[in-house]
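Novice: For reference, the sequence and a predicted model appear below.
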Amino acid sequence: MVKRMVAVLYVLLWVSSADAAQLRLVLGGDLYLGSWVEGVVEREGAGYPWGDLKDILERADVRVANLEAPFTTAQKEFMEKEYLFRVAPGLVEVLKKGGIDVVTLANNHIMDYGMEGLEDTLEVLASSGIGHVGAGTTMEEARRAWIMERAGIRVAFLAYSNTFPKKFYADTERGGTARGLAGFVREDVREARKASDFVVVSFHWGEEGMKEPKPYQRRLARVAIDSGAAVVVGHHPHVLQPIELYKGGIIAYSVGNLVFASYSTMEPEGMLLEVVLRKEAHRSWLHSFRVIPLDVDNRRVNFRPIPKTEGIMSCRLTPERHDCSGYRGTVSFWTGGDQKD
């Protein structure tokens, strides 16, 4: 009798394991590959920026970052701005060498050279096999989820901008970036969740140099999670902001810079957010995550981010609790209910 029970238990465990699927997703911050980065890549090669992140990126199933500038040779500026960014189309090789699978385009620079610059970017990404989300030639396209399947799991990506200029936002008459309105986020996440196992939402929001999220960031992040998202990741402040666990999902309000052509002293630290998504026969959930702090002070690292391994924080989640280990001083860590709204 005992032998029979053990055999049945073994079969049940085997079936559960066989039905389980797991996906490792790495999310990074802002990429601006022009200016000084272009010269460094010309000398050192397209893989140079990723040299110290190679192991982290290679163990991931999907890698995502925010593309902060169009790949274009367009000359006509969309409007007058203090800073205008563009990147030579050939620099897409940097993304390919880093294994970047998806880029978010909903930000305050992707339209610096208008629809021509955006269309050039979409063409470059398509020809390089890199997915994109958050901008398009119509509002429908800008809000459309990018869905991909890896390791037996379907993940939908959405991206929104909450930054100026407002003229970059797509509307019913022209293309541009997806605007981060609560109604759009709620509707889009719900639709994306119907077609996928997990939804990941990116926001370009907040204020440069501000280390705490604004109230609207917290509201929008929670709208996304409440509507079915598992992961929310933000950027634009160029500095780190807190991470929050909320209703089984994770919110990284700002992950800072990744590879960014600046020598500013404001942004010495960035981070990678590594999440593991798990799917079994009857449920899917955020299984675990790691916060990997990065030294991105280009006076020291010269556009080659260095992981600060002594600062890595790891957490494993269950419906009842979370168990975390490692240093937590790099970024504030919130869990639902222990911080003020």
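Specialist: Perfect, thanks for sending it. Numbering: from 1, shown residues only.
Novice: ok now do residue 264, which residues does it touch?
Specialist: Neighbouring residues of residue 264 by C-beta atoms under 8 Å, 6 or more residues apart in numbering: residue 238. All C-beta spots, glycine's among them, are computed from the backbone N, C-alpha and C.
Novice: Now name the helix or strand holding it.
Specialist: For residue 264, there is no host helix or strand (DSSP states H and E).
Novice: got it, and residue 54?
Specialist: Using DSSP H and E, residue 54 falls within helix 54-58.
Novice: What are the buried residues along that helix?
Specialist: By neighbour count on 16 or more other C-beta atoms under 10 Å, the buried set for helix 54-58 is 56-57.
Novice: Paired strands for the helix or strand following that helix, with orientation please.
Specialist: Counting by DSSP H and E, the element after helix 54-58 in chain order, helix or strand, is strand 62-67. The strands that strand 62-67 pairs with in its sheet are strand 21-32 (parallel), strand 102-104 (parallel) (by DSSP bridges).
Novice: I'd like to know the average pLDDT value across stretch 174-184.
Specialist: Averaging pLDDT along stretch 174-184 yields 98.
Novice: Pull the distance from that stretch to the chain's centre.
Specialist: Offset of stretch 174-184 from its chain centre (C-alpha atoms, centre = their mean, to the nearest Å): 17 Å.
Novice: Which elements pack onto the helix holding residue 54?
Specialist: Helices and strands touching helix 54-58, as assessed by 3 or more C-beta pairs under 8 Å, 6 or more residues apart in numbering; DSSP states H and E, are absent.
Novice: how about a markdown table for the strands paired with strand 62-67, with mean pLDDT, distance to residue 312 and mean neighbour count added?
Specialist: Shown next, in a markdown table, are the strands paired with strand 62-67 (pLDDT from 0 to 100; distance: least, C-beta to C-beta, whole Å; neighbours: other C-beta atoms under 10 Å):
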| stretch | mean pLDDT | distance to residue 312 | mean neighbour count |
| --- | --- | --- | --- |
| strand 21-32 | 97 | 13 | 24 |
| strand 102-104 | 98 | 24 | 28 |
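Novice: Residue 151 is nearest to which of the ones you listed?
Specialist: Closest to residue 151 of the strands paired with strand 62-67 is strand 21-32 (C-beta to C-beta; 4.6 Å).
Novice: Quick one: mean pLDDT over stretch 61-80.
Specialist: On average, stretch 61-80 scores 94.
Novice: For residue 267, grab the count of nearby residues.
Specialist: When counting by other C-beta atoms under 10 Å, one arrives at 22 neighbours for residue 267.
Novice: The nearest residue to it once chain neighbours are set aside and residue 148: what is the separation?
Specialist: The spatial neighbour of residue 267 that comes closest, neighbours along the chain excluded (C-beta to C-beta, 6 or more residues apart in numbering), is residue 238 at 4.2 Å. Separation of residue 238 from residue 148 (C-beta to C-beta, to the nearest Å) stands at 28 Å.
Novice: Now do the contacts for the residue nearest to residue 267.
Specialist: 30, 208-209, 254, 256-257, 260, 264, 266-267.
Novice: could you redo the last one with a cut-off of 6 Å?
Specialist: 208, 257, 267 (C-beta atoms under 6 Å, 6 or more residues apart in numbering).
Novice: Just send the residues you listed back as CSV, with pLDDT too.
Specialist: Below are the contacts of residue 238 laid out as CSV (pLDDT from 0 to 100):
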residue, pLDDT
208, 94
257, 97
267, 76
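Novice: out of those residues, which one sits closest to residue 52?
Specialist: Nearest to residue 52 among those: residue 257, at 14.8 Å, using C-beta to C-beta.
Novice: hmm, back to that, can you tell me which of the contacts of residue 238 is closest to residue 296?
Specialist: Checking the contacts of residue 238 against residue 296 by C-beta to C-beta gives residue 257 as the nearest, at 4.9 Å.
Novice: among the contacts of residue 238, which are in strands?
Specialist: Among the contacts of residue 238, DSSP state E puts residue 257 in strands.
Novice: closest to residue 231 among the contacts of residue 238?
Specialist: Nearest to residue 231 out of the contacts of residue 238 is residue 257 (C-beta to C-beta; 19.4 Å).
Novice: Tell me, how many residues neighbour that closest one?
Specialist: So residue 257, with other C-beta under 10 Å, has 32 neighbours.
Novice: Tell me the bridge partners for it.
Specialist: Beta bridges link residue 257 to residue 30 when assigned by DSSP bridges.
Novice: do residue 67 as well
Specialist: Bridge pairing for residue 67 - DSSP bridges - gives residue 31.
Novice: so it touches residue 103, yeah?
Specialist: Yes - Residue 67 is in contact with residue 103 according to C-beta atoms under 6 Å; the separation is 4.0 Å.
Novice: residues contacting residue 289?
Specialist: Residue 289 makes contacts with 250, 275, 315, as judged by C-beta under 6 Å, 6+ apart.
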